[in-house]
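1. No sequence on hand, only this structure:
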């Protein structure tokens, strides 16, 4: 019933802890795929020896996150697909509780649990929302968990670290051969797929009884940036470029014309902040704005999407 897809760079003991938590689930997944982005033969041998029941797909090179997830989803067969970062640990009843969310309505295609930091008292995400600035915004992000998100209900989308999808929805939103847009590489891919799903009438649902623990940024930031606010400052130049680029791609692909005009002041204000940051701290990223290839691809996808045929 449930296929689990984990993308791992093989850092630390994150993957071991994640897999151990999957072994303890009261509702066990039917298959577990690990997409190995470590390019380390020793890591591959150790994981296959310690967890012989998982299916390990090793890449000859470090694939981008979206590409790796797409490979895992294509190989999987479950009716439900749980996509995990390797720096996530699931509560024993996570899958059992999260599955209940899909029963709340025929068009529930995404489910989020309550994602806490590893300190078990700070909220990492209680579901994904779309901000006025057209950024991906986590409900409750970095707030102390005081029971303010104990009510289940509909949400815009789900955080990519612990993203539970119905396969029917994934097939409905697929673009060519991509479930997650490969042009995104990493960042905003969760907002994009949630936005595409919303356009086609699918909905997200939040189940607070499904609890997971996430080490924010463990696989993409410098060590000192783990679980820290203002994450942008801890990313290298390539990841910074993806973070900037992907917000534009998500807007171009998904925002209706009238809604774009309505939110244009917020978009411009946010852009001015980002531009100021780049000029002051990352001037080399200015050249990114001269590369229009990804923007052209996004426009093509916008024109060919079902959104413009309805």
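-> Right, received. Where do you want to start? Worth saying up front: this structure is predicted, and the values here are computed from it rather than measured.
2. C-terminal to the helix or strand where residue 261 lies, what's the next element?
-> Applying DSSP states H and E as the criterion places residue 261 in helix 257-281. Proceeding N to C from helix 257-281, the next assigned helix or strand is helix 293-304, under DSSP H and E.
3. Remind me what that next one packs against, helices and strands.
-> In terms of contacts (3 or more Cβ pairs under 8 Å, 6 or more residues apart in numbering; DSSP states H and E), helix 293-304 is packed against helix 237-254. Glycine gets a C-beta too; all of them are placed from N, C-alpha and C.
4. Run through who's touching the helix it packs on.
-> The contact list for helix 237-254 (Cβ atoms under 8 Å, 6 or more residues apart in numbering) reads 134-136, 181, 183-189, 191-192, 195-196, 199, 220, 232, 235, 260, 267, 274, 278, 282, 284-285, 288, 294-295, 297-299, 301-302, 305, 307.
5. on that earlier part again, mean confidence (pLDDT) on the helix holding residue 261, please.
-> Mean per-residue pLDDT for helix 257-281: 92.
6. likewise stretch 180-191?
-> For stretch 180-191, mean pLDDT rounds to 94.
7. now the strands: where do they sit in the protein?
-> 2-8, 31-36, 55-58, 80-85, 88-90, 108-117, 123-125, 128-130, 136-138, 153-155, 162-166, 203-214 (DSSP state E).
8. Specify the angle between the longest one and strand 162-166 in degrees.
-> What separates the directions of strand 203-214 and strand 162-166 is an angle of 150 degrees, with axes from the mean of the first three to the mean of the last three Cα atoms, to 10 degrees.
9. Quick one: distance of strand 203-214 to the chain centre.
-> 14 Å (Cα atoms, centre = their mean, to the nearest Å).
10. what's the angle between it and strand 80-85?
-> If you take the same axes, to 10 degrees, strand 203-214 sits at 40 degrees to strand 80-85.
11. Pairing partners for strand 203-214, with directions?
-> Partners of strand 203-214 in the sheet, by DSSP bridges, are strand 88-90 (antiparallel), strand 108-117 (parallel), strand 153-155 (antiparallel).
12. Please report how far residue 96 lies from residue 59.
-> In this structure, residue 96 and residue 59 are 32 Å apart, going by Cβ to Cβ, to the nearest Å.
13. for residue 119, same thing?
-> 33 Å.
14. which one of those two has more residues nearby?
-> Neighbours were counted for residue 119 and for residue 59 using other Cβ atoms under 10 Å; residue 59 has more, 14 against 10.
15. Could you check how far the residue nearest to the more buried one when sequence neighbours are not counted is from residue 109?
-> Nearest non-adjacent residue to residue 59, counting by Cβ to Cβ, 6 or more residues apart in numbering: residue 37, 6.0 Å away. Counting by Cβ to Cβ, the separation of residue 37 from residue 109 is 27 Å.
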